[in-house]
Each structure stands twice: as structure tokens, then as C-alpha cells.
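Participant: kindly return the folded structure for what I paste below:
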Amino acid sequence: MVTPSFRKLLRRLNPIDRIAVSLVALYALVWIAQLAGYEPPLAGLIAFFFFLSLSYLVFRIGGWARMRLMWSLRNRLIMAYLFIAVAPLLMLLIMIVLSARILYSQLGGYLLVEDLQKKVEEVSDAADTVASAAAMFPPDSRKVTVQTPNQLPVELEAHLATISAGLPELEFDLHADGRLIQEAGAQRAGHYEGLVQTADGVWLVGEVARGRAIVRARVPVTPQFLESVATFLGPIQIRTTRPASSSDPSGSVINIGGGQFLAAEKIETRKRKLASAMHWYDFQIKDGIANIDSVREDSATHTLVPSPVFAIYSARLTQINAKLFSSLGDLSNTYVELLLFVGLVFLVLEAGALVTGIVLTRTITRSVGDLYTATQYVRAGDFSHRVRVERADQLGALGESFNAMSSSIDSLVEEQRKRQRLENEISIAHEVQSQLFPRSLPALPGIQLAAFCKPARGVSGDYYDFLPLGNSRLAIALADISGKGISAALLMASVQAALRSHLLLDTNVAPNASEVVNRINRHLYLNTAEDRFATFFFAIYDSSTRLLRYTNAGHVPPMCICKERIQTLETGGTVVGVFEDAVYEEGLMEVSPGSTLVVYSDGLVEPENVYGEEFGMGRLQDVALRHQQSSADSMVSALLVAAEEWAGTAEQADDMTVIVARLGDHSR
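Facilitator: Numbering: from 1, shown residues only. Alright, predicted model coming up:
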């Protein structure tokens, strides 16, 4: 179903817009076909035109959105405030946070790598010391640890004991093969130090060649070892890597420095915990990372290949400040240049924001000043002055409205006079219509009646009536005419005249309810336009037999209440006035003593609250049940008050009409 809003949108599209929308829809069909496994012809060409159309539509929608946003005076003021005050502040805060994040994460990583490098240098110094006295070792000695001082020269024992205090798992290979110096790249002649990954773990290694003696010292990187590294930081992790092969899944491969690697072993501290924050601004530096160069020994070929190691840590701001705040100058130039670039971009944006805010402010103040000057002319009685209209925005529209108002004051005054005359005529029509409703309610034995009609406008399209048919029979009618206002009121008068003429010709004949509705339907069909109709409920109650005959012609179902049981009256047919040959059925029910008949129009159940919820038949029935022991007048008032309180406003969307008939042994 095409809604009016959608039709209005289609009318606003120009031919190019419609072509672009059609191409986007065509591409959507092609995409669905491709998902289903079918490749439509010219799919590539359609995709090309789709991107062109999408770009065009984005441009069009962007221009429309900009006009809608900037047309409102309120939005222009808000935008001016954002550009002048809020945007620079936000940019400054973003720059500070970004700078602090980069700065402190790199500081922490630098401190961690520096501490690891010190450990590596200690291992290298130990290897250098042992290499200097290698001739004093037994020729067949292979592995020597600091726990076996009886195998070391006496002059080295004291020095190695000092080293062992910081490196308890230090071990030596007095006959190393020198591969690290040759293949991994010596930092200086005959000297290598760094991290080496092997099949049995990660090692801090120092290898020194002195003459024919080559000594290698190493310490394993274990959780216990990491506990002694950078103790001012929080938890630390060491992540190793290995070169990727063609059989490894591509999703797990990491590209580093032109090489491809896979994550391997993870070594982490177990006892460390992140310190508690000392201040509200002592934020956590989480998952700081540093890349450490290392080599990996292939277990099969024993060759050495570069394979980086990553150090990951957590820390507090105050911990890093207290340790190495003076090391800020050691940050990488890359981050400094990035920071300067971001600062320059923000400076340009700030200047643009300031200029934009000034232009918008001047536009607003100039337009408001022109309008104020024009009001002074009008106040003095000069209606010939016109406001300058320079832009097609809300301020320009306001100026045009002011000019139109100034030039048409006389016509507005005349229109007000016509409206006043129309209101007077409606008031007279209301007085005339009030004469069509029953002036007094019939008094029949065993029946207590009450009714009220509250129009949504000056006159009502609802109609109710009571017509006595002899000493014990009473006709009850309620109609809801389509539409509102004068036209509905005139049709209501026609229904009233037709109903009374049919019933009052011979009150001694007991008419059939469905026959009466048939006559009303034919009368409306022959005497009204095709789009005019009414819902109609008609009933005849005989107090002597307690029988109720009724016909419901498309009306909201009335309810008959007896104690806690509610029976709705739905038998009948369609609305009256639409089909000449419509057929209506008659319902028959025996009314129990003490029953209450409630007939109402849809205006009583359709009021909505602030959340869009209707009052509804269920709530109406609950109110009727609570007041079924009250008088008929009290029940009518209770039903109307409940519906009005639910809506919460004095304005009605539709006419409200309700009839309450207490049937049976009720006191009158």
C-alpha cells in the first residue's frame, strides 16, 4: 500500500533522482541473484552505474539534510555555539588524551625494554669475564654454572658470585660454536648479546670470542625471571614468534618488518598485580607493547633467523612518572611528528570553526535586527515597510512572512469577522440540534434511562433517541454519522426525522428491529452522497416480557451487564447508507432482572493517552462493572469522566455519546 507521504516523496524526485533510485534498486536485485548463485548479464556494468548513482544520491541527500538543518533558527544558533565553543574544546581534549596515550605507553615500553637490555648486558659482561680467563678452564669442560664454583678459577669466583645475585640461573658454555657472532650479527667485533629463541624457551644470551676461546652465557626467560624485571610496572607478558610457513593458516599470520610470523610461546608473571590508583587521574596504561629484536634457532637445521619478541605490560601513570619522567625526550621522532601533524590539523579546524561561527552569528543578528526595525514601523502604523530577504532559509522565510503579514492586515481582519460570523452560526446550529435530542426521557415501568452526547465540535454527528411504543415497549436508537461538523449534523437530523416518521405512524404495531434498520438504510442510500454513511444501533425492549429485540448496523457492540457477566450485542449487518440491498438480522435476548444496557459511540473508546494507547472496550467494561449498582445518571457520568481522564486533555477527537438503560426491578 502506497502511503501519502511516499507519494509526496515521489513527486519531489526529479528525473535524474528517479533514474538513480532505479539503478540502486536494480543493483539490489543483481546482488540478491549473486547470493543465490546466479550471475546476471552486465552485472559489472550495473555495479559501475550503482556506485555512480549512490554517490549522486548521497550528494543529494546531504544537500537536503544540510538545508533542513540550517533552515531552523534554533539549529543555526546551536551550530554557531558548537563551532565557536564546543568543537575547539573537544578537539583539545582529544589531542591531550591521544598525546598522553602515545607518550605513556611508549615510555612504559621503553623502560621495560631498557631493563631487559640491562639484564642482557649483565649476561654479556659475565661471558666477557669468563672468556678473558678461558685458558684456566679444563679443556673438556662444557657447561659451567655459578652453583659449581669449584670448577671456576679462584679469581673469578667473587665476580661471578656478584653476578649470580641478579641472575641466579646463569650458565656458561665454554666451547660455544660462535654461530651467534657469525650469523646473528655481532654488535662489535667478536661480541654478540640479545634474545635467542630455542626449542626449550627464550634466553638472554651473551657470546664473546677472545682469541680461540668462544664463551656463551645465557639466562632463561621464565616467570620467575620476569618477576625481577621492571619491578615498578604491573603484570608483564613475553610473547614469542616463529617464522610462518606455507602450511600455516593465513588468518594467524602477522606481518612484521616485511616478514611473516606466527605467535608462539607466552611467558608471563604470576605474582604481580596492578597497583591501586593513587588519584582520580591515575589512569591505567593497559596492554602497552614493545617490539624486541631477537633470533630464533631452527631445531632441524640449527640456522638462526630473525624472529621478534613482544613485551606486553600494564602500569599506572604515577609509577611511570616516578621512574622515568625525565626520559620524555627519548620518544621516537615518529610520534613527535605525528603529534605535531595532529596539532596542526586541529589548529586549522579551530580557525575554520571560528570563522564559520562568526559568519553564522552575523547572519542571525543582521536578520533579527532587520525584523526589529520593521516591527517599529508597524508599531507606528506604517504597513508599507518591507524586510530585506537575502537568503532562502528560516530567517528569509520569516522576513517574507512579515512582509506578507504587513500587506494583508485588512484581509486578516475581514477573515476574522467572517470567522466570528461562522462561529455564531455554529452556535445557532448547536441550539437547533439540541432540540432534536429527546427533551425528556420516557417513563416506563421497570426502566431507568440516562443519556448524554458531548460533541467534539460545536455540533455533533452522533444521534440518540428514545421512543415509547405503547405502555410497556420502548425503542432505543443510537447512530454515529460519518464525518464531523455541520455536514454530519445535517445528516443526523435526516436520520432523526426518518426514524421518528417510521415509528410514530402507528405506535400500536410492534415493529421488527431489522425492518426499521432496513428502512433507515434505504432512506440514507437514496438521499445522501455515496461517501456518506452511518453506524446504527436500534433496539426495542418490552418490559412486560423482558425481551430485547435489536439490530446492530456496523456500530460498536453495546453491552448488557448482569451481575459480573457482560454480553455484547453484535447481531445485525453492515453500516447504513452504503448498499441499497443490504440485509440486516434481528437479535433477540431475554433480559435478566437487574440488567443494565450500555450503548455508546466509538468516541467513548477511542481516546488516546500520551503514549498513544486507546481507552478501549476493556477499560470501558471495567468502569461499567464497578458502577453497575449506581443510578443510570451516575453510570453515564462515570463512563464519560473515565474516558476524559484517560485522554488527559480537554480536546476531543470524536463525539462522545452514551446511553444507559437499567432494565428490570430497579428503583427509579
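
Participant: what's the neighbour count on residue 382?
Facilitator: Residue 382: 11 surrounding residues under other CB atoms under 10 Å. The C-beta positions use only the backbone N, C-alpha and C, and glycine is treated the same way.

Participant: pretty sure residue 541 sits against residue 470.
Facilitator: No: Residue 541 lies out of contact with residue 470 (CB atoms under 8 Å); the separation is 11.6 Å.

Participant: those two - which one has more neighbours?
Facilitator: For residue 541 versus residue 470, neighbours defined as other CB under 10 Å are more numerous around residue 541 (23 against 13).

Participant: doesn't that one belong to a strand?
Facilitator: Yes: with DSSP: H, G, I helix; E, B strand; the rest coil as the criterion, residue 541 is part of a strand.

Participant: tell me who's in contact with it.
Facilitator: Applying CB atoms under 8 Å, 6 or more residues apart in numbering to residue 541 gives the contacts 447, 473-474, 476, 547-549, 591, 597, 661, 663.

Participant: of those, just the buried ones, PyMOL syntax please.
Facilitator: Buried residues among those (16 or more other CB atoms under 10 Å), as a PyMOL selection:
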select buried, resi 447+473+474+476+548+549+591+597+661+663
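
Participant: of the contacts of residue 541, just say which sits nearest to residue 519.
Facilitator: Checking the contacts of residue 541 against residue 519 by CB to CB gives residue 549 as the nearest, at 15.3 Å.

Participant: for the stretch 201-350 of the chain, just list every one of the helices.
Facilitator: 223-226, 317-324, 333-379 (DSSP state H, counting those that start in this stretch).

Participant: per-domain residue ranges of this protein.
Facilitator: Listed domain ranges for the chain are 15-70, 94-327, 338-378+383-407, 429-663 (source: automatic domain parsing).

Participant: which of those sits closest to residue 88?
Facilitator: The closest of those to residue 88 is domain 338-378+383-407. By CB to CB, the value is 4.9 Å.

Participant: let me see the mean pLDDT of that closest one.
Facilitator: The average pLDDT within domain 338-378+383-407 is 72.

Participant: the spatially closest residue to residue 105 that is not a sequence neighbour: neighbour count?
Facilitator: Leaving out its chain neighbours, the residue that sits closest to residue 105 by CB to CB, 6 or more residues apart in numbering is residue 288, at 4.5 Å. Neighbour count of residue 288, defined by other CB under 10 Å: 24.

Participant: pretty sure residue 288 is touching residue 312, no?
Facilitator: Yes: between residue 288 and residue 312 there is a contact at 7.0 Å, judged by CB under 8 Å.

Participant: can you give me the strands in the stretch 401-550 of the chain?
Facilitator: Along the stretch 401-550 of the chain, the stretches classed as strands by DSSP state E, counting those that start in this stretch are 447-454, 462-468, 473-481, 534-542, 547-553.

Participant: got the angle between the second one and strand 473-481?
Facilitator: In other words, strand 462-468. With axes from the mean of the first three to the mean of the last three CA atoms, to 10 degrees defining the directions, strand 462-468 sits at 170 degrees from strand 473-481.

Participant: which residues touch strand 462-468?
Facilitator: 436-438, 441-442, 444, 449, 451, 453, 455, 474-481, 492, 495-496, 499-500, 503-504, 507, 599, 601, 603, 655-657, 659.

Participant: need the contact list for the residue nearest to residue 105.
Facilitator: Each residue near residue 288 by CB under 8 Å, 6+ apart is listed here: 104-105, 108-109, 112, 312-315.

Participant: same deal with residue 559?
Facilitator: 566-569, 597-598, 621, 624.

Participant: could I get those residues as CSV with distance to residue 611?
Facilitator: Below are the contacts of residue 559 laid out as CSV (distance: CB to CB, whole Å):
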residue, distance to residue 611
566, 26
567, 31
568, 27
569, 31
597, 32
598, 26
621, 21
624, 24
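
Participant: which of those lies closest to residue 244?
Facilitator: Nearest to residue 244 among the contacts of residue 559, counting by CB to CB, is residue 621 at 74.7 Å.

Participant: check the gap between that closest one and residue 612 for me.
Facilitator: Noted for residue 621: a distance of 21 Å to residue 612, by CB to CB, to the nearest Å.

Participant: more neighbours: which of the two?
Facilitator: Between residue 621 and residue 612, residue 621 has the larger neighbour count (other CB under 10 Å), namely 16 against 6.

Participant: apart from its chain neighbours, what residue comes closest to that one?
Facilitator: residue 566 (5.7 Å).

Participant: the one you found - that's part of a helix, no?
Facilitator: No: Residue 566 is assigned strand when assessed by three-state DSSP, not a helix.

Participant: which residues touch the nearest residue to residue 402 once chain neighbours are set aside?
Facilitator: Leaving aside its sequence neighbours, residue 402 sits nearest to residue 387 (CB to CB, 6+ apart; 5.3 Å). By CB under 8 Å, 6+ apart, residue 387 lies in contact with 370-371, 374, 399, 402-403.
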